[in-house]
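# Build me a model from this:
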Amino acid sequence: KYKTNFNLALDAGCGPGRTAMELCGAFEQVKAYDYSQGFVDNMLSKAGEKGLANLTACAGDSHKQKEIYPGDKFDLIFGCNLIDRLHTPQDWIQQSKDMLADSGLLIISSPYTWKPEHTKVENWIGGVVKEGKQVFTVDGLVHLLGPDLVLLEEQRVPFVIPDPDGTFQYTYSNCTVFGKAR
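Numbering: from 1, shown residues only. As a prediction, this is how the structure comes out:
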C-alpha cells in the first residue's frame, strides 16, 4: 500500500511479542525489544516453538533505542501502547524518525492515556490545552515528525481489556501511519 521494503522491522516495546512474531511472516528480519526481560524470554520461547528464525529480541529501554540498534535503518518501526508510558516520548519519536529507511514507515498505536505517573505533563505530546486551544496527541505527532514524515493514515482500533472483577473495558487505540510524502 505504501511501497515500503520488507527487509527489516522493529517492534519497540514489544510486550509478549505477538506483533513481532506476526511481522516475521512479511519481513526478512524482525528485531524486537521490551523493558521486561520476562516478556522477551517468553516471546523468544514461543518464536522457537513456531520455528521463527528471523526474529531477534532483547530487553531494552525505549529511551535508548538508538543504542540498542546502532546504525540500523528500519523499513517499519512499530510502537504499540508505548508513547504514553515513556517519561520523554519525544526522545523515542525522534530516534524512530532517525532510524527509518528512506521508504520506511513509523506506526504508532496508542489510546493516549497520558498519566503524570508515567510522563510529566510538560512532556505530554497531546491531551493538553496550550494557549487556550486543545492539543490532541495526533497533532503533536504531526508536529514532531514533520516536515520529514507526514501522516499517511489514521484509524481508530477497538480493543477490550478484561478486568479482574469479570467486567470489561471497551476502548479505542488511535493507530497512525507516518512516512515520507508519497
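# all strands of the protein, in order?
Here the chain has its strands, by DSSP state E, at 8-12, 29-34, 55-59, 74-80, 100-110, 128-130, 133-135, 150-162, 168-179.
# Of the ones you listed, which is nearest residue 120?
strand 128-130 (11.5 Å; CB to CB). C-beta coordinates here come from the backbone N, C-alpha and C atoms, glycine included.
# For residue 120, give me the backbone phi and psi.
Here is the backbone geometry of residue 120 (degrees, to the nearest 10): phi -60, psi 140.
# what residues are up against the residue lying closest to residue 129 once chain neighbours are set aside?
In space, and not counting its chain neighbours, residue 129 is closest to residue 135: 7.0 Å by CB to CB, 6 or more residues apart in numbering. Neighbour list for residue 135: 126, 127, 128, 129 [criterion: CB atoms under 8 Å, 6 or more residues apart in numbering].
# Which ChimeraX command selects the buried ones in these?
ChimeraX command restricting those to the buried ones, with burial defined by 16 or more other CB atoms under 10 Å:
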select :126,127
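# quick revisit: and the strands of the chain, which is most packed in?
Sort the strands of the chain by mean neighbour count, taking mean count of other CB atoms under 10 Å, and strand 8-12 sits at the top with a mean of 26.
# Partner strands of that strand, with direction?
strand 29-34 (parallel), strand 74-80 (parallel) (DSSP bridges).
# and the angle from that strand to strand 100-110?
Strand 8-12 runs at 30 degrees relative to strand 100-110, counting by axes from the mean of the first three to the mean of the last three CA atoms, to 10 degrees.
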